[in-house]
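*Asks:* Have a look; sequence and predicted model below, questions after that.
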Amino acid sequence: MRFVAPSREVFDRAVLRHPPLAAWNAVGDWIAAARFPSVAELNRDWDAGWRFVEQTPQLLADGLHYETRIHARAEIATRADNWHDFFNALVWRRFTPLKAALNRRQVAEIALMGDKQRSRAQCALTHFDEGGVIVVLRDRELLARWDAHDWRALFWEAREAWCDGTIRAEVFGHALLEMALVPGKLITGKAIAVVAGPDDGDAMTTVARAIDNGSILTDPQELRALPISGIPGWNPANDSAAFYAEAECFRPLRAGRIYPEPLRVA
(Lines give C-alpha, C1' and ligand atoms only; values in the text may rest on other atoms or scores of the structure.)
Protein backbone atom coordinates (compact mmCIF):
# COMPACT_ATOMS: atom_id res chain seq x y z
CA MET A 1 0.00 0.00 0.00
CA ARG A 2 1.30 3.43 -0.95
CA PHE A 3 2.32 5.54 2.03
CA VAL A 4 0.37 8.76 2.48
CA ALA A 5 1.96 11.31 4.80
CA PRO A 6 -0.19 13.35 7.19
CA SER A 7 -0.94 16.90 6.14
CA ARG A 8 1.00 19.83 7.54
CA GLU A 9 -2.12 20.91 9.38
CA VAL A 10 -2.44 17.76 11.47
CA PHE A 11 0.96 16.07 11.76
CA ASP A 12 2.28 15.70 15.30
CA ARG A 13 5.20 18.12 15.72
CA ALA A 14 6.45 15.98 18.61
CA VAL A 15 8.13 13.69 16.04
CA LEU A 16 10.68 16.46 15.48
CA ARG A 17 12.09 15.86 18.96
CA HIS A 18 13.03 12.24 18.22
CA PRO A 19 15.30 10.56 15.65
CA PRO A 20 15.49 10.49 12.77
CA LEU A 21 13.86 13.92 12.37
CA ALA A 22 15.66 15.33 15.42
CA ALA A 23 18.83 15.21 13.32
CA TRP A 24 17.29 17.87 11.08
CA ASN A 25 16.89 20.57 13.72
CA ALA A 26 18.78 23.04 11.55
CA VAL A 27 15.76 23.09 9.23
CA GLY A 28 13.22 22.27 11.92
CA ASP A 29 11.35 25.51 11.30
CA TRP A 30 10.80 24.51 7.68
CA ILE A 31 9.50 21.09 8.72
CA ALA A 32 7.23 22.44 11.46
CA ALA A 33 5.90 25.44 9.52
CA ALA A 34 2.27 25.75 8.49
CA ARG A 35 3.23 25.83 4.81
CA PHE A 36 5.86 24.33 2.53
CA PRO A 37 8.75 26.58 1.48
CA SER A 38 8.74 27.73 -2.14
CA VAL A 39 11.49 26.60 -4.51
CA ALA A 40 12.97 30.09 -4.17
CA GLU A 41 13.23 29.57 -0.41
CA LEU A 42 14.71 26.11 -0.86
CA ASN A 43 17.35 27.57 -3.16
CA ARG A 44 18.26 30.36 -0.74
CA ASP A 45 21.74 30.08 0.80
CA TRP A 46 22.48 26.94 -1.24
CA ASP A 47 25.12 27.62 -3.85
CA ALA A 48 26.11 24.12 -4.92
CA GLY A 49 25.59 24.36 -8.66
CA TRP A 50 22.07 22.90 -8.75
CA ARG A 51 18.70 24.52 -8.17
CA PHE A 52 15.21 23.39 -7.33
CA VAL A 53 12.54 24.16 -9.91
CA GLU A 54 8.82 23.66 -9.53
CA GLN A 55 7.58 20.60 -11.37
CA THR A 56 4.89 21.88 -13.71
CA PRO A 57 3.42 20.60 -16.99
CA GLN A 58 5.52 23.25 -18.74
CA LEU A 59 8.71 21.89 -17.17
CA LEU A 60 7.86 18.29 -18.04
CA ALA A 61 7.14 19.27 -21.64
CA ASP A 62 10.89 19.11 -22.28
CA GLY A 63 10.52 15.30 -22.25
CA LEU A 64 13.66 14.80 -20.19
CA HIS A 65 14.05 12.02 -17.66
CA TYR A 66 14.09 13.39 -14.09
CA GLU A 67 17.72 12.35 -13.59
CA THR A 68 18.80 13.58 -17.03
CA ARG A 69 17.35 17.04 -16.32
CA ILE A 70 19.40 17.25 -13.13
CA HIS A 71 22.56 16.26 -14.99
CA ALA A 72 22.03 18.34 -18.14
CA ARG A 73 20.40 21.44 -16.70
CA ALA A 74 21.21 21.27 -12.97
CA GLU A 75 17.45 21.49 -12.34
CA ILE A 76 15.84 19.35 -9.63
CA ALA A 77 12.14 19.05 -10.38
CA THR A 78 10.21 19.58 -7.13
CA ARG A 79 6.47 19.25 -6.66
CA ALA A 80 4.84 22.03 -4.70
CA ASP A 81 3.28 21.23 -1.30
CA ASN A 82 4.66 17.71 -1.32
CA TRP A 83 6.38 16.09 1.68
CA HIS A 84 8.32 13.60 -0.42
CA ASP A 85 9.90 16.22 -2.67
CA PHE A 86 10.40 18.59 0.26
CA PHE A 87 12.50 16.02 2.13
CA ASN A 88 14.34 15.21 -1.11
CA ALA A 89 15.30 18.88 -1.30
CA LEU A 90 16.51 18.87 2.30
CA VAL A 91 18.71 15.85 1.58
CA TRP A 92 20.13 17.52 -1.53
CA ARG A 93 21.05 20.55 0.54
CA ARG A 94 22.64 18.56 3.37
CA PHE A 95 24.25 15.67 1.49
CA THR A 96 25.00 17.24 -1.88
CA PRO A 97 28.02 15.06 -2.83
CA LEU A 98 26.06 11.86 -2.16
CA LYS A 99 23.04 13.00 -4.16
CA ALA A 100 25.27 14.17 -7.00
CA ALA A 101 27.07 10.82 -7.09
CA LEU A 102 23.74 8.97 -7.29
CA ASN A 103 22.63 11.22 -10.12
CA ARG A 104 25.83 10.62 -12.11
CA ARG A 105 25.42 6.87 -11.74
CA GLN A 106 21.74 7.01 -12.72
CA VAL A 107 22.54 9.01 -15.85
CA ALA A 108 25.28 6.55 -16.82
CA GLU A 109 22.80 3.66 -16.47
CA ILE A 110 20.17 5.52 -18.49
CA ALA A 111 22.75 5.93 -21.26
CA LEU A 112 23.14 2.14 -21.30
CA MET A 113 19.53 1.08 -20.77
CA GLY A 114 17.49 3.93 -22.24
CA ASP A 115 14.74 5.58 -20.23
CA LYS A 116 12.20 2.76 -20.58
CA GLN A 117 14.10 -0.10 -18.91
CA ARG A 118 15.84 -0.25 -15.56
CA SER A 119 19.00 -2.13 -14.67
CA ARG A 120 19.71 -3.85 -11.36
CA ALA A 121 22.07 -1.00 -10.59
CA GLN A 122 19.33 1.58 -11.16
CA CYS A 123 17.09 -0.29 -8.75
CA ALA A 124 19.85 -0.33 -6.12
CA LEU A 125 20.56 3.37 -6.61
CA THR A 126 16.87 4.22 -6.29
CA HIS A 127 16.36 2.04 -3.21
CA PHE A 128 19.22 3.81 -1.47
CA ASP A 129 18.11 7.25 -2.65
CA GLU A 130 14.61 6.67 -1.27
CA GLY A 131 15.25 4.48 1.76
CA GLY A 132 18.94 4.77 2.44
CA VAL A 133 20.72 4.69 5.77
CA ILE A 134 24.47 4.97 6.30
CA VAL A 135 25.64 3.02 9.34
CA VAL A 136 29.09 3.77 10.76
CA LEU A 137 30.43 1.19 13.22
CA ARG A 138 33.68 0.50 15.03
CA ASP A 139 32.97 -3.04 16.22
CA ARG A 140 32.82 -5.89 13.69
CA GLU A 141 30.95 -8.05 16.20
CA LEU A 142 28.01 -5.69 15.79
CA LEU A 143 28.21 -6.19 12.05
CA ALA A 144 28.07 -9.98 12.55
CA ARG A 145 24.91 -9.63 14.65
CA TRP A 146 23.38 -7.36 12.05
CA ASP A 147 24.22 -9.65 9.13
CA ALA A 148 22.62 -12.56 10.99
CA HIS A 149 19.46 -10.49 11.58
CA ASP A 150 19.95 -11.07 15.30
CA TRP A 151 17.90 -8.00 16.12
CA ARG A 152 17.72 -8.53 19.87
CA ALA A 153 21.52 -8.82 20.06
CA LEU A 154 22.08 -5.84 17.77
CA PHE A 155 19.63 -3.42 19.34
CA TRP A 156 18.72 -4.64 22.84
CA GLU A 157 21.87 -6.32 24.11
CA ALA A 158 24.08 -3.68 22.44
CA ARG A 159 22.03 -0.65 23.45
CA GLU A 160 25.04 1.05 25.00
CA ALA A 161 26.91 0.83 21.69
CA TRP A 162 24.15 2.86 20.01
CA CYS A 163 24.31 5.43 22.79
CA ASP A 164 28.10 5.87 22.99
CA GLY A 165 28.73 6.11 19.23
CA THR A 166 30.27 2.68 18.70
CA ILE A 167 27.58 2.34 16.04
CA ARG A 168 25.43 5.11 14.62
CA ALA A 169 22.96 5.54 11.79
CA GLU A 170 22.49 8.50 9.48
CA VAL A 171 19.20 8.47 7.59
CA PHE A 172 19.76 9.53 3.99
CA GLY A 173 16.60 8.39 2.25
CA HIS A 174 13.95 11.06 1.91
CA ALA A 175 11.13 8.48 1.88
CA LEU A 176 12.20 7.34 5.36
CA LEU A 177 12.12 10.92 6.63
CA GLU A 178 8.61 11.27 5.22
CA MET A 179 7.49 8.09 7.01
CA ALA A 180 8.94 9.40 10.25
CA LEU A 181 6.18 12.02 10.30
CA VAL A 182 3.91 9.28 11.68
CA PRO A 183 4.60 8.71 15.42
CA GLY A 184 5.57 5.13 16.23
CA LYS A 185 5.53 3.94 12.61
CA LEU A 186 7.68 0.84 12.05
CA ILE A 187 10.32 1.79 9.51
CA THR A 188 13.01 -0.29 7.79
CA GLY A 189 15.79 1.27 5.75
CA LYS A 190 18.22 0.03 3.11
CA ALA A 191 21.67 0.46 4.58
CA ILE A 192 25.30 0.77 3.59
CA ALA A 193 27.72 -0.27 6.33
CA VAL A 194 30.95 1.62 6.91
CA VAL A 195 33.66 0.43 9.29
CA ALA A 196 35.53 3.36 10.83
CA GLY A 197 38.24 4.07 13.35
CA PRO A 198 38.09 6.68 16.12
CA ASP A 199 37.33 9.41 13.55
CA ASP A 200 34.44 8.74 11.18
CA GLY A 201 34.45 12.20 9.64
CA ASP A 202 35.16 10.88 6.14
CA ALA A 203 32.46 8.21 6.14
CA MET A 204 30.12 10.23 3.91
CA THR A 205 32.95 10.99 1.49
CA THR A 206 33.84 7.30 1.44
CA VAL A 207 30.27 6.36 0.48
CA ALA A 208 30.03 9.08 -2.18
CA ARG A 209 33.31 7.97 -3.73
CA ALA A 210 32.24 4.31 -3.77
CA ILE A 211 28.95 5.23 -5.46
CA ASP A 212 30.79 7.31 -8.03
CA ASN A 213 33.31 4.63 -8.95
CA GLY A 214 30.66 1.91 -9.17
CA SER A 215 32.08 -0.30 -6.45
CA ILE A 216 28.72 -0.33 -4.60
CA LEU A 217 25.04 -0.19 -5.53
CA THR A 218 25.25 -2.46 -8.53
CA ASP A 219 22.43 -4.68 -7.21
CA PRO A 220 19.66 -4.14 -4.62
CA GLN A 221 20.78 -7.27 -2.76
CA GLU A 222 23.89 -5.42 -1.60
CA LEU A 223 21.83 -3.24 0.72
CA ARG A 224 21.44 -4.42 4.29
CA ALA A 225 17.98 -4.28 5.85
CA LEU A 226 18.00 -2.06 8.93
CA PRO A 227 14.80 -1.67 10.98
CA ILE A 228 15.60 1.83 12.26
CA SER A 229 12.64 1.53 14.63
CA GLY A 230 14.87 -0.77 16.68
CA ILE A 231 17.55 1.84 17.34
CA PRO A 232 17.35 2.85 21.02
CA GLY A 233 15.31 6.03 21.38
CA TRP A 234 13.98 5.96 17.82
CA ASN A 235 10.64 4.34 18.65
CA PRO A 236 8.91 4.60 22.04
CA ALA A 237 8.05 0.89 22.01
CA ASN A 238 11.65 -0.31 21.83
CA ASP A 239 12.37 0.15 25.54
CA SER A 240 11.20 -3.44 26.00
CA ALA A 241 12.99 -6.61 24.92
CA ALA A 242 9.65 -8.02 23.79
CA PHE A 243 9.48 -5.42 21.02
CA TYR A 244 12.34 -7.14 19.18
CA ALA A 245 10.53 -10.46 19.21
CA GLU A 246 7.11 -9.17 18.26
CA ALA A 247 7.34 -6.17 15.93
CA GLU A 248 6.76 -6.98 12.27
CA CYS A 249 9.80 -5.05 11.06
CA PHE A 250 12.23 -7.59 12.59
CA ARG A 251 12.38 -10.30 9.96
CA PRO A 252 14.71 -13.32 9.97
CA LEU A 253 17.53 -13.68 7.52
CA ARG A 254 16.40 -15.28 4.30
CA ALA A 255 18.14 -18.57 3.52
CA GLY A 256 21.15 -18.02 1.29
CA ARG A 257 21.27 -14.24 1.78
CA ILE A 258 24.86 -13.01 2.11
CA TYR A 259 25.77 -9.37 2.50
CA PRO A 260 28.90 -7.81 0.98
CA GLU A 261 31.90 -6.63 2.92
CA PRO A 262 31.39 -3.18 4.46
CA LEU A 263 33.14 -0.10 3.21
CA ARG A 264 36.14 1.19 5.13
CA VAL A 265 36.77 4.85 5.75
CA ALA A 266 39.56 5.86 3.39
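*Replies:* Yep, it's here.

*Asks:* mind checking pLDDT for residue 185?
*Replies:* pLDDT for residue 185: 96.

*Asks:* what about the stretch 151-266 of the chain, any weak spots by pLDDT?
*Replies:* Applying pLDDT under 70 to the stretch 151-266 of the chain flags residues 199-201, 266.

*Asks:* Other residues contacting stretch 26-34?
*Replies:* Under the criterion Cβ atoms under 8 Å, 6 or more residues apart in numbering, residues 8-9, 13, 16, 21, 24, 37, 41, 86, 90, 93 lie in contact with stretch 26-34. For every residue, glycine as well, the C-beta is placed using N, CA and C.

*Asks:* Now the buried members of the residues you listed.
*Replies:* Taking 16 or more other Cβ atoms under 10 Å as the criterion, what is buried in the contacts of stretch 26-34 is 8, 16, 21, 24, 37, 86, 90, 93.

*Asks:* quick one: which two of the contacts of stretch 26-34 are the most distant?
*Replies:* Taking Cβ to Cβ, the two most distant members of the contacts of stretch 26-34 are 9 and 93; they sit 24.7 Å apart.

*Asks:* returning to what we had before: with pLDDT added, can I get the buried ones among the contacts of stretch 26-34 in a markdown table?
*Replies:* A markdown table is the format used below for the buried ones among the contacts of stretch 26-34 (pLDDT from 0 to 100):
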| residue | pLDDT |
| --- | --- |
| 8 | 96 |
| 16 | 97 |
| 21 | 98 |
| 24 | 97 |
| 37 | 98 |
| 86 | 98 |
| 90 | 98 |
| 93 | 98 |
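
*Asks:* Which residue is the nearest non-sequential neighbour of residue 142?
*Replies:* Nearest residue to residue 142, sequence neighbours excluded (Cβ to Cβ, 6 or more residues apart in numbering): residue 167, at 5.2 Å.

*Asks:* For that neighbour, grab phi and psi.
*Replies:* phi -140, psi 140 (degrees, to the nearest 10).

*Asks:* Correct me if wrong: it contacts residue 134.
*Replies:* No - using Cβ atoms under 8 Å, residue 167 is not in contact with residue 134; the gap is 11.6 Å.

*Asks:* how about stretch 116-135: buried residues?
*Replies:* Within stretch 116-135, the residues scored as buried using 16+ other Cβ under 10 Å are 121-122, 124-135.

*Asks:* show me the contacts for the residue nearest to residue 212 when sequence neighbours are not counted.
*Replies:* Among residues not flanking residue 212 along the chain, residue 101 sits closest, at 4.5 Å (Cβ to Cβ, 6+ apart). The neighbourhood of residue 101, defined by Cβ under 8 Å, 6+ apart, consists of 208-209, 211-212.

*Asks:* In the stretch 51-200 of the chain, what residue spans correspond to helices?
*Replies:* Per DSSP state H, counting those that start in this stretch, the stretch 51-200 of the chain carries helices over the ranges 57-60, 66-73, 83-94, 96-113, 120-131, 140-147, 151, 159-164, 174-179.

*Asks:* Looking at the ones you listed, which is nearest to residue 260?
*Replies:* Smallest distance to residue 260 across the helices of the stretch 51-200 of the chain (Cβ to Cβ): 9.9 Å, for helix 140-147.

*Asks:* sorry, back to before: in CSV: the helices of the stretch 51-200 of the chain, plus distance to residue 204.
*Replies:* CSV is the format used below for those (distance: least, Cβ to Cβ, whole Å):
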stretch, distance to residue 204
helix 57-60, 30
helix 66-73, 20
helix 83-94, 10
helix 96-113, 6
helix 120-131, 13
helix 140-147, 19
helix 151, 26
helix 159-164, 19
helix 174-179, 16
